[in-house]
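> Predicted model and sequence follow; I will ask about them next.
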Amino acid sequence: MHGNTGNLRFPYVLFDLGSTLIYFDSDWSAVMAESLRAATQSLRSAGFDLDERAFPEAYYALIQEYYQKRSDEFVEYTSEHVMREALRAHSAPEPSDDQLRQALKVMYGVSQAHWHVEEDTIPMLQTLRDRGHRLGIVSNASDDADVQTLVDNAGIRGYFDFILTSAVAGFRKPSPKIFEQALGFWNAKPEQAVMVGDTVSADIAGANRMGIASVWIRRRADVPENRSDTLRYPPGAVIDALSELPDLLENWPAA
């Protein structure tokens, strides 16, 4: 049961997921390559005549095309959509929904093993809940099932009123449309909310444009691109650990 949010400066707190509440422990490129090989094997086991080397390479190239499109348009293209396109490009039969979901489950299972909850995530979430904040997750992700699994693996679902992914919303941060959907869960106004995330061009820029307060957590994101982006999209506050967040929200800098 949530407490009374009436006296809180920010009753509603939105979080990014990856590199904010959870962290990745390996080399992304190597894990992605392993993931694509696993998906290819799953499809081959289902009867698809796919080359073990050519299909992962072609699929990876297609993913890069969609990455660029979604970065330009802030529209999400789901993993199911991309994999169907890759199979069509290889003149493969149209997969059933079950075949496709199984291949994606195998693919994401490889990367899921490398995500871990930050040690201060759960104590921080518990503190915010105890103080009466309402919490939600807004994640840029092309596969909703993957995010839902990561949330469950981290043991944090019970702290959140909702987990909203761009795969379901259809739009990616910094699009105002995904933030509008998030606020809509609570019927909240932008000025009642704060967004906490690691990617300045998505989390901070999107929040700022909506009139939502923004907190950049730079623990795993203090890289040149983010530092440069802070000049264009200044965060309302900066933290190096989630453990700093509860006190920050109680003592938010005056405008």
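Yep, that arrived.
> Output the contacting helices and strands for the helix or strand of the chain with the lowest mean pLDDT.
For the chain, using mean pLDDT, DSSP states H and E, the weakest element among its helices and strands is helix 54-73, scoring a mean of 91. Packing partners of helix 54-73 (3 or more C-beta pairs under 8 Å, 6 or more residues apart in numbering; DSSP states H and E): helix 28-45, helix 79-89. For every residue, glycine as well, the C-beta is placed using N, CA and C.
> any chance of those in a markdown table, plus distance to Val117 and mean pLDDT?
Formatted as a markdown table, the helices and strands packed on helix 54-73 follow (distance: least, C-beta to C-beta, whole Å; pLDDT from 0 to 100):
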| stretch | distance to Val117 | mean pLDDT |
| --- | --- | --- |
| helix 28-45 | 18 | 97 |
| helix 79-89 | 23 | 94 |
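> With distance to Pro234 and mean neighbour count as added columns, please give those helices in CSV.
As requested, these are exported to CSV (distance: least, C-beta to C-beta, whole Å; neighbours: other C-beta atoms under 10 Å):
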stretch, distance to Pro234, mean neighbour count
helix 28-45, 28, 17
helix 79-89, 33, 18
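> do you know how far Ala92 is from Lys177?
33 Å (C-beta to C-beta, to the nearest Å).
> Can you pull the poorly scored residue ranges out of the stretch 151-255 of the chain?
The stretch 151-255 of the chain contains residues with pLDDT under 70 at 255.
> Would you reformat the helices and strands packed on helix 54-73 as TSV and include distance to Lys189?
Formatted as TSV, the helices and strands packed on helix 54-73 follow (distance: least, C-beta to C-beta, whole Å):
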stretch	distance to Lys189
helix 28-45	37
helix 79-89	34
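> right, so of those helices, which gets closest to Ile122?
Minimum separation from Ile122 across the helices and strands packed on helix 54-73 (C-beta to C-beta) falls at helix 28-45, 24.8 Å.
> what does that closest one contact?
50, 52, 55-56, 59-60, 83, 87, 92, 95, 99, 102-104, 106-111, 114 (C-beta atoms under 8 Å, 6 or more residues apart in numbering).
> Residue nearest the middle of the chain, spatially speaking?
Against the mean C-alpha coordinate of the chain, by C-alpha atoms, centre = their mean, the closest residue is Ser139 at 2.7 Å.
> Next, the contact list for that one, please.
Contacts for Ser139 (C-beta under 8 Å, 6+ apart) come out as Asp16, Leu17, Gly18, Val147, Ile163, Leu164, Thr165, Ser166.
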